[in-house]
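Asker: Need a 3D model of the following:
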Amino acid sequence: MKIVLPCMCILFLVQCETPGVEHIITQRGGVFEFDGMRLEIPETSIAESTVIEVEVKSLGTKKYEQGFSRFGQSFSINPGAVLFEKPALFSMPTENDNVLLAAKIGDGFVPLASSRVENDTLRAHLWHGGGYYVIQKPEHYGIINHSKTQEALLIVTDIYVSDYVKNFTATLRQTGYNLPVWIFVYPYENSVEENAFFLIEELKRLHDKYGEFRLDLVNFGIGGLIAHRYVADTAVYQNDISSAVIAVGTPFLGSSFATRENARRAKSPYRFFFVDGLGKHAQDVKPESDFIAWVSENRKLVAGHYYDRLEENKNFASLSGIKEFDGTFPEEYRGDGLVSLSSTMLTPIEPEPFNFDHFALFDDHSVHNVITHFVQLYRDFNWPRLFSNVWEGKEEFSRICDIWHKEASLIYRRSYNVDILLEYNENMLKSTPKNAVLITNGDNDTYPAWYLQNKGIRTDVLIVNRSLFNLKGYVQFLQEQGLPLELTSAELDKYKPRTEGDEFLSISDQLIELLLKQNKKPVVFSTTVYNPEQYGYPLKLRGMVYEIGEGDVDIERTKDLLHNVLTYDKLFAAPSDSLSIHIKNLSENYAAVAFHLSMALGLTDGNKEALEELDFALRFSDEPFLFYNKALAYMDMGEKHVADSIFKALLMTPAIDVDFKKQIAQAYYDGDMRKEAIRLLAECLEANPDDKEIPELIIQYQGEK
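Answerer: All right, here's what the predicted structure looks like:
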């Protein structure tokens, strides 16, 4: 039966096992009943008249490793993108207090935080269309599948429920991981903080029951926040987690979709996940929340144990996905549809993101395989303990190199990324003078260089990692290798971090200052080292290193290195669009060196050789400032038409902001191309009418007062 009312309306069509029945519900709201279920549409819940189809389906029952069960009752509200201004009220009579309503997502579902059984009725608030399941929650929350053991793997699950736990466990077994697998399942209605302390209590309970044990830790989604809140807090941590800690799709720095307002504005199909699954506790994962602030301030797992409790240091990896969605939030254009890539970065270098959306990341076998290999690698060592053993002569230095190569292969996955990394480090070593001390900055300019030296390449060079140089054991190890730093153990103990005025001086900084004063070995800095000028010595570029000396660039040696000694075969052979961002950034140091060489050769004076070096720099980078300087060079050479064509091409790129456009306008003006300068500024003013500087520049360029 159809009832036509004299105003805008919403059309509902029910499809089920019996013939469909149409209902027309006006904006004044109404009640819709189907298959024993009821959906109440509040007044003004939809802004415009919308045709909606409700389809009822019968599904087979299914039980999941997390303890949830899906019943056969299911329905969908189509189109799935429909949004309710006020929540639609779902209800269904039931005698089972353990049933919930869940929203279908990915290959599984998320239980609705608003779902409750009250007075023999299941009730829930629905904010959007899509599929919904009637499910049963676990009989018990907590750590399940546990048994007496000294070692096991603990999976801290997400609020998302699918077969990812079962499938990941199967992958573990297929790759030879035979330890017991425990699973932590927590109440969906609790806050993240409350579930973290629930995990603490569960571990205490199992310690009371079984005694001591150590757990490899794999965390999915919100489970990564729960686990981090435990492991990173020395006040509650119980020394029961091994060195292997892996997170998958965890929003360590929060998500824009933790608010209903942003979820409504977004376009990702996953945008309501946190609102649905966490309800009022979705605020826990807002980027500005107190909880996320705590995580950001306590990034280091088991903080403070680097020195005094080596066994409690962790090897950590955060696996992420990247899949572009149409939308303006970072979770959509630089994330997995739910979590932005930057939010998963708990440390500066994390594994290369997978080309998956958030839920495919959980469910994909290739991801499970990588997780498993990380666990198997990480559980048997941690870096501070390994370093200490090597420095004390308990293990061979080659083990550091072997483990790094295995880890890098997991982090970058594509072999050409590791090949390019090794090529870069070999070029750095080739740039270093014979028998020199080479000061490096971090992971990607140290471990690969050690790996090469372990293969017999440039073993005359003594590599000093600036971060590790704060540690007495490392300094003494280097002294045994020939470091020209004559300090006794007692003298080393006197060095402490200190502040001079506004300047903080680490132990490493103070020891580097001593190194620079000795004259037994030349000391050079990798071009990757941050602020080497702080030590007060003049620095001169020599290929991929800085040496002590007057003049900005050793022109002849750097030219010879760039064009006759260094190799770039691995870099140029790799597909540039799929390089790791870390490898790409490192490789842009080649461009920086070539650019500095071009400036030293007189780029601003129109030197042809300098222009050739700038073109060489552009083989490694498409940074706008390189093209800008190329245009300036042609302007200085009087070839204004060439400069103009470069500027015009540059202005077509999205990376050029209004300040850069002003800079280009200034270049036009300085090159006596006033008309082009004014035209460009007029375009800028049209796009930026509130910019008060632009009219002033136009008046200046027109020659008016």
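Asker: and the helix or strand where residue 277 lies, which residues are buried?
Answerer: Here residue 277, judged by DSSP states H and E, is contained in helix 273-278. Buried residues in helix 273-278, defined by neighbour count with 16 or more other Cβ atoms under 10 Å: 273-278. Bear in mind the C-beta positions are built from the backbone N, C-alpha and C, glycine included.
Asker: Now do the strands for the stretch 301-450 of the chain: every range, in order, please.
Answerer: Applying DSSP state E, counting those that start in this stretch to the stretch 301-450 of the chain gives strands spanning 315-319, 437-440.
Asker: Dump these to CSV, plus mean neighbour count and distance to residue 385.
Answerer: Converted to CSV, the strands of the stretch 301-450 of the chain look like this (neighbours: other Cβ atoms under 10 Å; distance: least, Cβ to Cβ, whole Å):
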stretch, mean neighbour count, distance to residue 385
strand 315-319, 23, 10
strand 437-440, 25, 22
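Asker: Would you reformat those as JSON lines and include distance to residue 252?
Answerer: Below are the strands of the stretch 301-450 of the chain laid out as JSON lines (distance: least, Cβ to Cβ, whole Å):
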{"stretch": "strand 315-319", "distance to residue 252": "7"}
{"stretch": "strand 437-440", "distance to residue 252": "28"}
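Asker: any chance of those strands in TSV, with mean pLDDT and distance to residue 493 too?
Answerer: Below are the strands of the stretch 301-450 of the chain laid out as TSV (pLDDT from 0 to 100; distance: least, Cβ to Cβ, whole Å):
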stretch	mean pLDDT	distance to residue 493
strand 315-319	97	29
strand 437-440	98	23
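Asker: Assign residue 53 to helix, strand or coil.
Answerer: At residue 53 the chain is in strand, as set by DSSP: H, G, I helix; E, B strand; the rest coil.
Asker: which residues does it bridge with?
Answerer: Beta-bridge partners for residue 53, by DSSP bridges, are residue 13, residue 78.
Asker: Around it, count how many other residues there are.
Answerer: Using other Cβ atoms under 10 Å, residue 53 has 17 other residues around it.
Asker: pretty sure it is touching residue 78, no?
Answerer: Yes: between residue 53 and residue 78 there is a contact under Cβ atoms under 8 Å: 4.3 Å.
Asker: Against which helices or strands is the helix or strand hosting residue 203 packed?
Answerer: Element membership of residue 203, judged by DSSP H and E, is helix 192-210. Here helix 192-210 touches strand 142-144, helix 222-231, going by 3 or more Cβ pairs under 8 Å, 6 or more residues apart in numbering; DSSP states H and E.
Asker: Mind listing residues that contact the helix or strand just after the last one?
Answerer: Next along the chain after helix 222-231, taking DSSP H and E as the criterion, comes strand 241-248. The contact list for strand 241-248, computed with Cβ atoms under 8 Å, 6 or more residues apart in numbering, reads 151, 214-221, 224, 227-228, 231, 301, 313-319, 344, 346, 361-362, 367, 371, 374-375, 377-382.
Asker: got it, and stretch 544-564?
Answerer: So stretch 544-564 is contacted by 424, 427-428, 430-433, 438, 516, 522-527, 529, 532, 537-543, 566, 589-590, 593-594, 596-597, 599-601, 613, 616 (Cβ under 8 Å, 6+ apart).
Asker: what about 6 Å?
Answerer: 427-428, 431-432, 524-527, 532, 537-543, 596-597, 600 (Cβ atoms under 6 Å, 6 or more residues apart in numbering).
Asker: Over to stretch 130-146?
Answerer: By Cβ under 6 Å, 6+ apart, the residues outside stretch 130-146 that reach it are 67-71, 73-76, 80, 98-104, 109, 182-187, 202, 206.
Asker: Buried residues, it. List them.
Answerer: Buried positions in stretch 130-146, judged by neighbour count with 16+ other Cβ under 10 Å: 130-138, 141-146.
Asker: and what of stretch 692-705?
Answerer: 694, 697-698, 701.
Asker: Pull out the buried members of the contacts of stretch 544-564.
Answerer: By 16+ other Cβ under 10 Å, these give 427-428, 431-432, 524-527, 532, 537, 539-543, 596-597, 600 as buried.
Asker: Please narrow those to those residing in helices.
Answerer: If you go by DSSP state H, these have 427-428, 431, 596-597, 600 in helices.
Asker: ranges for the strands of the stretch 1-150 of the chain?
Answerer: Along the stretch 1-150 of the chain, counting by DSSP E, counting those that start in this stretch, strands occupy 9-15, 22-26, 30-34, 37-41, 51-58, 62-63, 69-78, 83-93, 99-105, 108-111, 116-118, 121-128, 130-136, 142-144.
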